[in-house]
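> Everything below, folded, please.
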Amino acid sequence: MAERKVLNKYYPPDFDPAKIPRRRMPKNQQIKVRMMLPMSIRCGTCGNYIYKGTKFNSRKEDVIGETYLGIQIFRFYFKCTKCSAEITMKTDPQNSDYVVESGAARNFEPWRAEDQVVDEEQRKRNAEEMGDAMKSLENRTLDSKREMDILSALDEMKSMKSRHATVSVDAMLEALQRSAPVPQREDDTLEEEDEALIKSLFKGSNEYVRRIDDAELDDDDDISGETSQVGSKKQKVSQEVSDTPTDYLTKTSTKKEDEKGSGSIVLKSSTVKFSVVKKASENEKKKEEDKEKTTSDVLLLCQQYDSDESN
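Residues are numbered from 1 along each chain as shown. Purely as a prediction, here's the structure:
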């Protein structure tokens with residue numbers, strides 16, 4: 001157990017490393033390496049998408065005869081995660097990237113396309129300026145002009161911001177309130193519309209109907225006088241309401257007296273029937289009471305007289 005934790009090994013005093021034979025490794029020997037996929041690819045066999053950052057075991061080898069500025073190029077072999085088809089890719093030190101060699105296709109990446117366009121333009125410009133001094137001078141003048149335009153635009157934006165910074169928010173709001181038209185309140189418009197609608201509906205309906213009060217009927221003692229007054233009032237009301245068909249009480253009215261002389265007046269119409277009964281006065285009540293007393297006294301006297309004759 002103690003030997004497992006030792007960091008240094010024991011070398012005897014007669015140890016000679018020159019006597020250890022060296023293994024000769026082939027130049028294209030493959031080494032097992034575990035790595036992550038540096039880009040998103042699609043398998044050419046099954047169509048499976050393998051995304052960037054997928055971990056897998058691969059075999060690494062040197063590409064014989066291919067170098068870039070003395071930098072060795074390496075090739076990697078790995079398998080698809082779905083169909084186990086072999087895919088190969090190699091390094092690209094010129095562009096600091098990787099290139100899919102066989103077995104798959106790299107997915108489209110828009111930022112890579114933009115970078116490629118910029119690189120191509122730069123290459124074209126360098127090729128044009130290679131043997132032409134005037135062309136290089138023209139390109140440099142165009143670049144300086146473009147920079148001057150950018151600087152002037154920046155200065156204008158800075159001055160505009162400084163001008164806006166001096167203006168306060170309150171002053172800006174006051175200016176906007178002065179320039180903006182005064183809107184009419186919704187409440188006023190609604191009231192005006194309601195008034196116009198009411199006027200249009202009730203236009204020409206200023207006539208009114210006078211109702212009959214019970215007090216007017218109680219003041220008169222004479223039944224005939226009351227009936228005549230009621231009839232005259234009824235005629236007036238019917239004349240007043242002849243133009244207004246809404247009042248259903250004054251369409252047709254009739255009057256009559258009670259057969260017993262109670263002084264009741266009956267008004268009839270097509271929809272409603274009502275009667276007005278005259279209240280009896282105090283004198284009439286006293287007369288009726290006296291009559292009842294006299295009749296009761298007469299009856300008592302008759303009964304006494306009959307009893308005397310029988311005796």
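
> CA atoms for contacts and neighbours, from now on please.
OK.

> biggest helix in the protein, by residue count?
helix 133-166 (DSSP state H).

> Now that one: buried residues?
For helix 133-166, the neighbour count (16 or more other CA atoms under 10 Å) marks residue 136 as buried.

> Give me the neighbour count for residue 192.
Residue 192 is flanked by 12 other residues according to other CA atoms under 10 Å.

> Where does pLDDT dip in the stretch 101-250 of the chain?
181-187, 203-250 (pLDDT under 70).

> all helices for it, in order.
Here the stretch 101-250 of the chain has its helices, by DSSP state H, counting those that start in this stretch, at 110-129, 133-166, 169-179, 186-201, 214-219, 223-240.

> Using CSV, list the CA coordinates for the fourth one.
This points to helix 186-201. Provided in CSV are the C-alpha atoms of helix 186-201 (Å, rounded to 0.1, in the frame of the first residue of the first chain):
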residue,chain,number,x,y,z
GLU,A,186,-65.2,62.9,-24.1
ASP,A,187,-67.8,63.8,-21.4
ASP,A,188,-68.7,67.0,-23.3
THR,A,189,-69.1,65.3,-26.6
LEU,A,190,-71.3,62.5,-25.0
GLU,A,191,-73.5,65.1,-23.3
GLU,A,192,-74.0,67.0,-26.6
GLU,A,193,-74.9,63.8,-28.4
ASP,A,194,-77.4,62.9,-25.7
GLU,A,195,-79.0,66.3,-25.8
ALA,A,196,-79.3,66.2,-29.6
LEU,A,197,-80.8,62.7,-29.5
ILE,A,198,-83.4,63.8,-26.9
LYS,A,199,-84.3,66.9,-28.9
SER,A,200,-84.8,64.8,-32.0
LEU,A,201,-87.0,62.3,-30.2
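
> Not counting its own residues, what contacts it?
Outside of helix 186-201, no residue comes within contact range by CA atoms under 8 Å, 6 or more residues apart in numbering.

> The first one now?
In this structure, residues lying in contact with helix 110-129 by CA under 8 Å, 6+ apart are 135-136.

> Report the buried residues of that helix.
residue 129.

> Helix 133-166 and that one, what's the angle between them?
For helix 110-129 against helix 133-166, the angle by axes from the mean of the first three to the mean of the last three CA atoms, to 10 degrees is 130 degrees.

> one step back: what helices and strands are in contact with the longest helix of the chain?
Applying 3 or more CA pairs under 8 Å, 6 or more residues apart in numbering; DSSP states H and E, one finds that helix 133-166 contacts helix 110-129.

> run the last query once more with 6 Å
Packing partners of helix 133-166 (3 or more CA pairs under 6 Å, 6 or more residues apart in numbering; DSSP states H and E): none among the helices and strands.

> Turn the helices of the stretch 101-250 of the chain into JSON lines, including distance to residue 42.
JSON lines is the format used below for these (distance: least, CA to CA, whole Å):
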{"stretch": "helix 110-129", "distance to residue 42": "17"}
{"stretch": "helix 133-166", "distance to residue 42": "42"}
{"stretch": "helix 169-179", "distance to residue 42": "57"}
{"stretch": "helix 186-201", "distance to residue 42": "65"}
{"stretch": "helix 214-219", "distance to residue 42": "105"}
{"stretch": "helix 223-240", "distance to residue 42": "99"}
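
> for this protein, what's the longest strand?
Criterion DSSP state E: the longest strand present in the chain is strand 55-68.

> Just the element for residue 33, please.
Per DSSP states H and E, residue 33 falls inside strand 31-36.

> Give me the contacts around the following helix or strand past that strand.
Using DSSP H and E, the helix or strand that follows strand 31-36 in sequence is strand 41-43. Here strand 41-43 makes contact (CA atoms under 6 Å, 6 or more residues apart in numbering) with 48-50, 104-107.

> one more time with 10 Å
47-52, 79-87, 100, 102-108 (CA atoms under 10 Å, 6 or more residues apart in numbering).

> just to revisit the earlier point, give me the sheet partners of the helix or strand following the longest strand of the chain and which way each runs.
Next helix or strand after strand 55-68 toward the C-terminus (DSSP H and E): strand 71-79. When pairs are called by DSSP bridges, strand 71-79 turns out to pair with strand 55-68 (antiparallel), strand 86-92 (antiparallel).

> Would you reformat those strands as TSV and include mean pLDDT?
Compiled in TSV, those are given as follows (pLDDT from 0 to 100):
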stretch	mean pLDDT
strand 55-68	91
strand 86-92	93
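
> With distance to residue 164 and mean neighbour count added, can I get those strands in a markdown table?
Putting the strands paired with strand 71-79 into a markdown table (distance: least, CA to CA, whole Å; neighbours: other CA atoms under 10 Å) gives the following:
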| stretch | distance to residue 164 | mean neighbour count |
| --- | --- | --- |
| strand 55-68 | 55 | 14 |
| strand 86-92 | 52 | 18 |
